[in-house]
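> Give the three-dimensional model of this entry:
(one chain, ligands or ions: 1)
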Amino acid sequence: MLAVVPPPVTVRVPSKINLHLAVGDLREDGYHELVTVFQALSLADEVTVAVTDDPGVEVYGEGEKSVPTGANNLAWRAVQALAAHVGRAESDSKVRVVLRKGIPVAGGMAGGSADAAATLVGLASLWKLEITRDELADIAAKLGSDVPFALYGGTALGTGRGERLVPVLSRHTFHWVLAFDQKGLSTPRVFTELDRLREEGDPPRIGSHAPVVEALASGDPRQLALLLGNDLQAAAVSLRPGLRRTLRAGVNAGALAGTVSGSGPTCAFLCEDAETALEVAAELSGAGVCRTVRVAHGPVPGARMVGGENDH
Ligand code: ATP
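The predicted model follows:
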């Protein structure tokens, strides 16, 4: 009898920006204690998982040449982690993972983490697993500190290494312009640079996250704009001084405020509304301060299946 091969499953997964990113001191285990407010943005990757006789990863789109396709790909590590978690034999876990990237690689928008989260959701459906999102989040946290947020999306407060999440009420759709830099920045390098800056001097540290949470509840982009803050920004700018010019150009183009996203080098500009975001994007495109400009909105949901019977 012929075995029935299940149809491929496609999952759309959001990028993230940090509206607030407070970095504590270096811990004994080499990590920094973080307090962060994440927002999931409509700029997304799409991940398709399919049963195959030829397992592996294919990458198309934004930064495709700089994404590893072997065992180092976070999506591939997600396949292995989920198979191990449910005790699925290797012979029964042969999948092809196709990544269509919209999220810049090494851009501080957690693209690799997003792909891992999408792979978990896609495989749970492909393999017809009875598994809750919270159980997937436990596996996700082991893959990387930003992976659980990509599962849930929305707006959330993250603590620990960013993996302990509590949802945050956000009343408004916020409109963003994203400026991609010529090449990525390594996250560990940016943290090391921050440690160096802190050893040498006393770079300013952002305050409590509470006002950001209040601004999100009020839904007023002008209030939120005053409160965007990122302790990694000084380190990212120190490694990539041109970002100063990019940040200035976005505000000169009419954005309410700009911030480096996570460890950079992508810059995110908060705008008054969708129309202003388009105007800012057009002007920034012509300013010669970045490689590509995108508009996006948030918050949006986390990793979700798309297309055909899977649409919901
Ligand atoms: P974060 O903000 O979570 O630290 P990032 O958004 O700055 O990450 P990613 O796009 O996740 O950066 O990529 C970081 C590195 O991870 C890349 O340089 C790449 O070599 C590697 N990588 C592994 N898997 C993937 C993937 N699926 N997509 C993109 N990069 C990946």
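
> Now do the SS call for Glu46.
strand (DSSP: H, G, I helix; E, B strand; the rest coil).

> just checking, it touches Pro14?
No - judged on Cβ atoms under 8 Å, Glu46 makes no contact with Pro14 at a distance of 11.1 Å. Just so you know, the C-beta spots here come from the backbone N, C-alpha and C atoms, and that holds for glycine as well.

> where do the strands sit along the stretch 51-200 of the chain?
Ranges of strands within the stretch 51-200 of the chain are 56-61, 95-101, 155-160, 164-167, 174-180, based on DSSP state E, counting those that start in this stretch.

> For the ligand, give me its nearest residue in the stretch 101-250 of the chain.
Closest approach between the stretch 101-250 of the chain and the ligand, counting by Cβ to the nearest ligand atom: Gly112, at 2.8 Å.

> Against Leu43, how distant is the residue nearest to that residue when sequence neighbours are not counted?
Distance criterion Cβ to Cβ, 6 or more residues apart in numbering; nearest residue to Gly112, sequence neighbours excluded, is Leu74 at 4.2 Å. For Leu74, the distance to Leu43 equals 18 Å [Cβ to Cβ, to the nearest Å].

> Which one's more surrounded, these two?
Counted by other Cβ atoms under 10 Å, Leu74 and Leu43 do not tie: Leu43 has more neighbours, with 28 against 24.

> can you pull the contacts of the more buried one?
Neighbouring residues of Leu43 by Cβ atoms under 8 Å, 6 or more residues apart in numbering: 14-15, 102-103, 109, 178, 294, 296.

> So, low pLDDT: which residues of the stretch 201-312 of the chain?
Scanning the stretch 201-312 of the chain for pLDDT under 70 picks out the ranges 308-312.

> what does it put close to the ligand?
Contacts of the stretch 201-312 of the chain with the ligand, taken as Cβ under 6 Å from any ligand atom, map to 262-263.

> all strands for the stretch 201-312 of the chain, in order.
With strands called from DSSP E, counting those that start in this stretch, the stretch 201-312 of the chain shows them at 229-230, 257-260, 267-271, 292-298, 304-306.

> Same list (those) but as JSON lines, adding distance to Gly122 and mean neighbour count.
Shown next, in JSON lines, are the strands of the stretch 201-312 of the chain (distance: least, Cβ to Cβ, whole Å; neighbours: other Cβ atoms under 10 Å):
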{"stretch": "strand 229-230", "distance to Gly122": "31", "mean neighbour count": "23"}
{"stretch": "strand 257-260", "distance to Gly122": "31", "mean neighbour count": "25"}
{"stretch": "strand 267-271", "distance to Gly122": "27", "mean neighbour count": "28"}
{"stretch": "strand 292-298", "distance to Gly122": "22", "mean neighbour count": "20"}
{"stretch": "strand 304-306", "distance to Gly122": "7", "mean neighbour count": "17"}
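
> count of neighbours near Gly254?
Using other Cβ under 10 Å, Gly254 has 16 other residues around it.

> wait, it sits on Ala281?
No - using Cβ under 8 Å, Gly254 is not in contact with Ala281, being 10.1 Å away.

> how does this structure divide up, domain by domain?
What automatic domain parsing lists as the domains of the chain is 9-169, 174-298.

> Report the contact partners of the closest residue to Arg222 other than its chain neighbours.
Nearest residue to Arg222, sequence neighbours excluded (Cβ to Cβ, 6+ apart): Leu256, at 6.1 Å. Residues counted as contacts of Leu256 (Cβ under 8 Å, 6+ apart) are 221-222, 225, 269-272.

> Tell me which two of these sit farthest apart.
Farthest pair in these (Cβ to Cβ) is Arg222 and Phe269. Separation: 13.7 Å.
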